[in-house]
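Peer 1: The following block contains a protein sequence and its predicted model.
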Amino acid sequence: MKNANKKNGFTLIELIIVMVILGIMAAVAVPRYLDSISNAEQSAEDAVISAIRSGLKQAANDSLYTNGRATWPTNPFDALSEKPSGYSTSETDAAVDGEWTFSDGRITHQRADNSRYSWDYYAGVQNGDDAETGTLDGRTIIEQELD
């Protein structure tokens, strides 16, 4: 005959231990996950900027061939055959997650964590004896909201 007082299930101590283990795992996993997202967004930005740099070189070569002078376009996104996802013709800094803009000699991008980054762009001198191609500087942070 079975023992009628035997109960199936977990004790309170066992449940607390499981909760502590899950808490430790979450404390380790969440920051790693957030770092992965940040690294992915940085890699995506690097890919877009690399495409712009390549497009600018191609635009300079095309301009040299057709006009006899290597020049860059006023808007660096014009050097791309396809604009990046989130590209906006807004005349302000990027203000929406994933948005890319160009205004006042600056490319801007807003990440999902609401941080904004910029790259200074100078198209160069387009005419005269001192004509030169421009520059595209590295990434700088504009603003970052802390949660």
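Peer 2: That came in fine, so what should we check first? Quantities reported herein were computed from a predicted structural model and do not represent experimental measurements.
Peer 1: who does the longest strand along the chain pair up with?
Peer 2: Identified as the longest strand of the chain according to DSSP state E is strand 135-143. Paired neighbours of strand 135-143 in the sheet (DSSP bridges): strand 116-122 (antiparallel).
Peer 1: Name the residues that touch the strand it pairs with?
Peer 2: 45, 49, 76, 93-94, 102, 105-111, 134-144 (C-beta atoms under 8 Å, 6 or more residues apart in numbering). (C-beta placed from N, C-alpha, C; glycine too.)
Peer 1: Now do the buried residues in that strand.
Peer 2: Buried residues in strand 116-122, counted by 16 or more other C-beta atoms under 10 Å: 116, 117, 118, 119, 121.
Peer 1: burial of the residue nearest to the fourth one when sequence neighbours are not counted, as a residue count?
Peer 2: Read it as residue 119. Leaving aside its sequence neighbours, residue 119 sits nearest to residue 107 (C-beta to C-beta, 6 or more residues apart in numbering; 4.4 Å). Applying other C-beta atoms under 10 Å, we find 25 residues neighbouring residue 107.
Peer 1: tell me which strands and helices the host helix or strand of residue 107 is in contact with?
Peer 2: Taking DSSP states H and E as the definition, residue 107 sits inside strand 106-110. Packing partners of strand 106-110 (3 or more C-beta pairs under 8 Å, 6 or more residues apart in numbering; DSSP states H and E): helix 12-67, strand 100-103, strand 116-122.
Peer 1: That strand vs strand 135-143, what angle?
Peer 2: Interaxial angle, strand 106-110 versus strand 135-143 (axes from the mean of the first three to the mean of the last three C-alpha atoms, to 10 degrees): 40 degrees.
Peer 1: neighbouring strands for strand 106-110, and are they parallel or not?
Peer 2: When DSSP bridges is applied, strand 106-110 pairs with strand 100-103 (antiparallel), strand 116-122 (antiparallel).
Peer 1: Let me see the mean pLDDT of it.
Peer 2: Strand 106-110 shows a mean pLDDT of 95.
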